[in-house]
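Asks: Give the three-dimensional model of this entry:
(chains A and B)
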Amino acid sequence: MSFLSLVLVNLGRNKRRTLLTFLSITVALFLYCALGGVLDTLDESIKVGSETRLVTRNAISLIFPMPIAYRERIARVPGVRSVTVSNWFGGQDPADPRNFFAQFAVDAETYFPMYRSDIEIVEASPPQVAVAIPEGMDSRLAAFMSEQTACVIGAQLMKRMGWTLGQTITLNGTIYPGDWPFTIRAVYRAKVKSFPEDAMYFHWKYLDQKGMAGRSLVGAFMLSPSDPGRASEIQSRVDAMFENSAAATRTETERAFQAGFVSMYGNLPFVLRVIGLAVVFAILLVAANTMVMAIRERTGEIGVLKTLGFEDGMIFRLVLAEAAVISLGGGVTGALLAKLALEGGGFSITNFLPPMSVYWSTVLAGIAIALLLGAVSGLVPAWQASRLRIVDALRRVD
Amino acid sequence: MASVEVRNVRKIYQREAERLVVLDGISLEVATGDFVALMGPSGSGKTTLLNLIAGIDQPSSGDVVVGGTEIGRLGGRALAKWRARHIGFIFQLYNLIPVLSALQNVELPLLLLRMSAKERRRRAESALQLVGLGDRLKHLPRQLSGGQEQRVAIARALVSDPEVLVADEPTGDLDRASAEEILRLLERLNQEFKKTVVMVTHDPHAAERAHRILHLDKGVLSN
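Replies: Take a look at the predicted model:
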């Protein structure tokens, strides 16, 4: 027999109580890590953007467009290798308006070459006519390039909507009213986990002609610097160039741009953290109460152990170890369960965010909290047990 | 040489305004290898005196010297270590840990001494064989009779080879036959293994097995 086996034997003396405490800690840590996972997923979503690519948008707000003519001027800024454009469409599936997914009108000739390291074309319609493919673009996009109403859809969205390649779909425009028919000409998969696979891309020219009456406006320019070290300099130059224009600009890294979206969630991260900690705190009280009860029942035995020569410190450690084992066991189980179930199950919070992530740092934080919970819940009973006078403890046996 | 010396010991409990003198200037000596029975009516201070000798309580004044160590001078930690090495305590109600087997109960005091798990097990098995329970190693306390439980408790008390065994009414909860077995065992430990035994008892029959009987009444020795 060892100290550890003594701890385990003590935990096994009231199996139902131990199991219920274990399960309550498991559930609490599962919830903590699941809520942490929501924050991780938001964090993951801002990693969609690279730290070297830049985004230029209207300085007032993303919802105000800029003239596409800016592109020529931005492209001339020293250090800028290429520039592309993107515009939020905001269409709805008329069959199910709540089934939201993101749609972007892009300048395909420059957009897909710029994002070739993030996505790959996995399925495409064969081209009906010969078309020149710009350098750096996947040749399988030929059919897409030759057709103004063509679109490229993420594999996950295809699966969710039950669409097939070559199918024509119609969306209702909310920002750009009317019925918008699109033909699916290619399917992409994300090469990086953080890139959403449930988005749709189509030709900006189609949007410009049908939705903007040729006013040629765009929501954002994406800039690829020739040297990532010059990103900061480019930011300043671009914004300075349009400082006194009708549409002043704000240039930032893609990652910062995405983080701006996350900031629209307001205090949600704070609320989630508070809820997570409140759950843990509630369980702390339950676990502490259970430990106090368990030790009070064994007052006489503690007196016997002390009579045999167990020092106060040993009794303290013994009780603390019991609390720590049960908390750590429940904590590790709950935290790993959250990681495996939420990530492994491909669970999504919304269609707008990437599949749910639970970072290892969140799992480790959960386990650390469980350990702390064990220590704190065991502290009071451990202290009481260690301070118990032998004669008082033995009297309770009689 | 005296194994236990109690010098002018007083034990006073203060309960609110009431001052309760439990032991009033007790002095006694127990020689090494002696077997002493402490008798007296309830509330006479027998168990309190036994607790002082075992180092689980402290006198209000006076000295208790066991095996040459003045235990009143030891701090909590040192006193616990001292108890683990020098005292074997036998309770009236056995006080075995119910979730541990007989062998594990006997091994408990050895966790406090530096020895391998193998050595702990070997010594615990020997102690149980000595008390006639070599075939009950894996039994839980609830699977044993009262007499057997008390024998496990005796094995636990002697497994760390202490000089002094203190027994608080060791036969008080047993039938006549089991009590006889326990008394024979204590006699054997005293005679064969030279353990000093101090036993509190109400039972004159049990007290007769001791070399010496001391009577306590209202906190003073009456003979």
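
Asks: Backbone dihedrals for the closest residue to chain A within chain B, please?
Replies: Closest contact between chain B and chain A, by CB to the nearest CB, is at residue B:84 (2.5 Å). C-betas here are computed from N, CA, C, even on glycine. Taking degrees, to the nearest 10, you get phi -60, psi -30 for the backbone angles of residue B:84.

Asks: How about the contacts made by it?
Replies: Applying CB atoms under 8 Å, 6 or more residues apart in numbering or on different chains to residue B:84 gives the contacts A:308, A:309, A:310, B:109, B:112, B:113, B:160.

Asks: my guess is the last one contacts residue B:113, does it?
Replies: Yes: contact status for residue B:160 versus residue B:113: in contact at 6.2 Å, counting by CB atoms under 8 Å.

Asks: what packs against the helix ranked longest in chain B?
Replies: In chain B, taking DSSP state H as the definition, the longest helix is helix B:176-191. When contacts are defined as 3 or more CB pairs under 8 Å, 6 or more residues apart in numbering or on different chains; DSSP states H and E, helix B:176-191 sits against strand B:35-39, helix B:146-158, strand B:164-168, strand B:196-200.

Asks: Residues of chain B that sit close to chain A?
Replies: By CB under 8 Å from any CB of the partner chain, the part of chain B that sits against chain A consists of B:51, B:54, B:56-57, B:76-77, B:80-85, B:89, B:91-93, B:95, B:97-100, B:103-104, B:107-109, B:111-112, B:117, B:120, B:156, B:160.

Asks: Restricted to helices, list these.
Replies: Per DSSP H, the subset of the residues of chain B next to chain A in helices is B:51, B:54, B:76-77, B:80-85, B:103-104, B:107, B:117, B:120, B:156.

Asks: So in chain A, which helix runs the longest?
Replies: In chain A, assigned by DSSP H, the helix with the most residues is helix A:15-46.

Asks: Nearest to chain B within the stretch 251-398 of chain A, name that residue for me.
Replies: Counting by CB to the nearest CB, the stretch 251-398 of chain A gets nearest chain B through residue A:309, at 2.5 Å.

Asks: surely that residue meets residue B:78?
Replies: No: applying CB under 8 Å, one finds residue A:309 not in contact with residue B:78, separated by 10.9 Å.

Asks: for the closest residue to residue A:378 other than its chain neighbours, phi and psi?
Replies: Sequence neighbours aside, residue A:323 is the residue nearest to residue A:378 in space, at 2.7 Å (criterion: CB to CB, 6 or more residues apart in numbering or on different chains). Main-chain torsions, residue A:323, degrees, to the nearest 10: phi -60, psi -40.

Asks: And for residue A:234?
Replies: phi -60, psi -40.

Asks: Low-confidence stretches in the stretch 1-150 of chain A?
Replies: Within the stretch 1-150 of chain A, the segments meeting pLDDT under 70 span A:47-49.

Asks: ok, now how distant is residue B:142 from residue A:271?
Replies: 52 Å (CB to CB, to the nearest Å).

Asks: higher neighbour count, the two?
Replies: A count of neighbours by other CB atoms under 10 Å in any protein chain shown puts residue A:271 above the other of residue B:142 and residue A:271, at 12 against 9.

Asks: For that one, list the residues it contacts.
Replies: Residue A:271 touches nothing, counting by CB under 8 Å, 6+ apart.

Asks: Would you verify that it is located in a helix?
Replies: Yes: judged by DSSP: H, G, I helix; E, B strand; the rest coil, residue A:271 forms part of a helix.

Asks: Quick one: name the residues of the stretch 151-300 of chain A near chain B.
Replies: The stretch 151-300 of chain A comes close to chain B at residues residue A:300, as judged by CB under 8 Å from any CB.

Asks: Could you count how many residues lie near the residue nearest to residue A:378?
Replies: Residues lying near residue A:323 (other CB under 10 Å) number 28.

Asks: Check the contact between it and residue A:374; I expect there is one.
Replies: Yes: if you go by CB under 8 Å, residue A:323 and residue A:374 touch, sitting 4.6 Å apart.

Asks: Mind checking which residue lies nearest the centre of chain A?
Replies: In chain A, the C-alpha nearest the mean C-alpha coordinate belongs to residue A:41, at 0.8 Å (CA atoms, centre = their mean).

Asks: Wait, a strand at residue B:10?
Replies: Yes: Residue B:10 forms part of a strand when assessed by three-state DSSP.

Asks: Please identify which residue in the stretch 51-200 of chain A comes closest to chain B.
Replies: Closest contact between the stretch 51-200 of chain A and chain B, by CB to the nearest CB, is at residue A:193 (48.6 Å).

Asks: so that residue sits in a strand?
Replies: No: assigned with three-state DSSP, residue A:193 falls outside any strand and is coil.

Asks: Run through the residues that contact residue A:58.
Replies: A:64, A:65, A:66, A:247, A:248, A:249, A:250.

Asks: Okay, now the unreliable bits of chain B?
Replies: For chain B, the ranges with pLDDT under 70 are B:1-2, B:223.

Asks: From the centre of it outward, give me the first residue you hit.
Replies: residue B:166 (2.0 Å).

Asks: Please convert the buried members of the contacts of residue A:58 into ChimeraX selection syntax.
Replies: The following ChimeraX line selects those of the contacts of residue A:58 that are buried, judged by 16 or more other CB atoms under 10 Å in any protein chain shown:
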select /A:65,66,249,250
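
Asks: Would you mind giving the domain segments of chain A?
Replies: Structural domains assigned to chain A are A:3-46+A:266-397, A:60-247, following automatic domain parsing.

Asks: thinking again about what came up before, check what pLDDT the residue of the stretch 251-398 of chain A closest to chain B gets.
Replies: At residue A:309, the model reports a pLDDT of 93.

Asks: Next one: the residue nearest to residue A:378 relative to residue A:44, how far apart?
Replies: Distance from residue A:323 to residue A:44, by CB to CB: 35 Å.

Asks: same question, residue A:242
Replies: 32 Å.

Asks: Please say which of these two ends up with more neighbours.
Replies: Neighbours were tallied for residue A:242 and for residue A:44 using other CB under 10 Å; the higher tally belongs to residue A:242 (21 against 18).

Asks: Quick check, that one in contact with residue A:70.
Replies: Yes: Residue A:242 is within contact range of residue A:70, at 6.7 Å (criterion: CB under 8 Å).

Asks: what touches both of the two?
Replies: Residues touching both residue A:242 and residue A:70 (CB under 8 Å, 6+ apart) are residue A:249.

Asks: who's the residue nearest to residue A:54 when sequence neighbours are not counted bridged to?
Replies: Nearest residue to residue A:54, sequence neighbours excluded (CB to CB, 6+ apart): residue A:223, at 4.1 Å. When bridges are taken as DSSP bridges, the partners of residue A:223 come out as residue A:54, residue A:83.
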